[in-house]
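Trainee: Return atomic coordinates for the entry below.
(one chain, ligands or ions: 2)
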Amino acid sequence: MLMKAIELLKNDDLVGMPTETVYGLAGSIYSEIALQKIFKIKERPFFDPLIIHVSNTEEAKILVKNWPKSADVLTNKFWPGPLTLVLEKSNLVNDLITSGLPTVAIRMPNHPMALDLIKNFGSPLAAPSANKFKKTSPTTFQHVKDEFLDEVYVLDGGSCSVGLESTILFLNEKEDYLEIEILRKGFIKYSEIEKILIENGFKLKNAKLENSIIVPGNMKNHYMPKKPLVILTEGNSKEDIKIKFKTSFEMNLSNSPEIAARQLYSHLRLSSQGQEDIIIFKKMSWHTGELWEVIFDRLSKAATEIC
Ligand code: AMP
Ligand code: MG
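Mentor: Numbers count the residues shown, from 1 in each chain. Ligands and ions are numbered 1, 2, ... in the order given. Predicted coordinates:
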């Protein structure tokens, strides 16, 4: 299986790659043909940059102009894992990957199959989530098969243990302080990032990037299931839903946010399969805390209405 995947990558082709966050659609960062294929198969616009996946920090260092001390601190703590760092790119990085931005997004996934694939292929892989643009992310082998049928060879690495996309963190280290900004919330919490950086003596400032880097993962209407999803806040009744519908399916998630994160994309897909017109998810007052915030970040982008 691994040999076949490597052969495909060497021939400018793509491979469905399991990671702990979601499945990725991976191609060689040094193959322009493979990079073009990623955008074509995903129906992804070229303004949406890709994350580069590495199997060790040395591979990451050559992709950036400067690898700051803060990157060492963060990667020692969180790599391999669901933290993507955005740093100024080196000339090795193709503009197709970064959509012409001066920065590049890099992470080291915490999945043995992904690490084996990158290591044995011999260089990093660009991989967005293996779903069509704006649609629900895949967290199982079967999800990727359903999305792309036989168009893509997929490695079966089981169900994703995290189930939510990585936290994306922009870093700009100056002499006296460190500018940071979360570009996409994810499983690694801001409080954990802040804690380790402060413990290591960094003075943090917000980078205030809102207008200069637009992260498509933050666009409205992402992660959308096949049917309209309505989030119903506790205290409101179904009658409060303003859009017209006949029947609804109520989606449930575990009370534990770690398990709910893992269930989220599977349940969105399953909830789309019945006869009902819409999916409802009830937001309860106890849905609080950083991880529930991330789950509701994804749910509200997947939703057509929140009432
Ligand atoms: P996906 O691969 O579909 O999970 O999305 C990857 C996310 O990483 C997208 O929202 C991208 O916009 C974001 N991303 C990739 N490269 C950069 C970059 N250089 N600066 C900011 N965001 C980036
Ligand atoms: Mg995606």
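
Trainee: Contact partners for the residue positioned nearest the centre of the chain?
Mentor: Nearest residue to the geometric centre of the chain (CA atoms, centre = their mean): residue 165, 2.8 Å. Contact analysis of residue 165 by CB atoms under 8 Å, 6 or more residues apart in numbering lists 21, 22, 82, 129, 137, 184, 186, 217, 298. Any C-beta I mention is one placed from the backbone N, CA and C, and that applies to glycine too.

Trainee: can we see that at 6 Å?
Mentor: Counting by CB atoms under 6 Å, 6 or more residues apart in numbering, residue 165 makes contact with 21, 22, 186.

Trainee: quick one: which helix or strand includes residue 291?
Mentor: According to DSSP states H and E, residue 291 maps onto helix 290-302.

Trainee: ignore the last one, residue 116
Mentor: Taking DSSP H and E as the definition, one finds residue 116 inside helix 112-121.

Trainee: Listing partners with orientation, what would you give for the following helix or strand past that helix?
Mentor: Counting by DSSP H and E, the next helix or strand C-terminal to helix 112-121 is strand 125-126. According to DSSP bridges, strand 125-126 forms sheet pairs with strand 24-28 (antiparallel), strand 51-53 (antiparallel).

Trainee: one step back: include secondary structure, neighbour count and pLDDT when you put the contacts of residue 165 into TSV, please.
Mentor: Formatted as TSV, the contacts of residue 165 follow (DSSP: H, G, I helix; E, B strand; the rest coil; neighbours: other CB atoms under 10 Å; pLDDT from 0 to 100):
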residue	secondary structure	neighbour count	pLDDT
21	coil	29	98
22	coil	27	98
186	coil	26	97
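
Trainee: Which one of these is nearest to ligand 1?
Mentor: Nearest to ligand 1 among the contacts of residue 165 is residue 22, at 7.1 Å by CB to the nearest ligand atom.

Trainee: Please tell me how far the closest one sits from residue 230.
Mentor: Going from residue 22 to residue 230 by CB to CB, to the nearest Å gives 24 Å.

Trainee: That'll do, ta.
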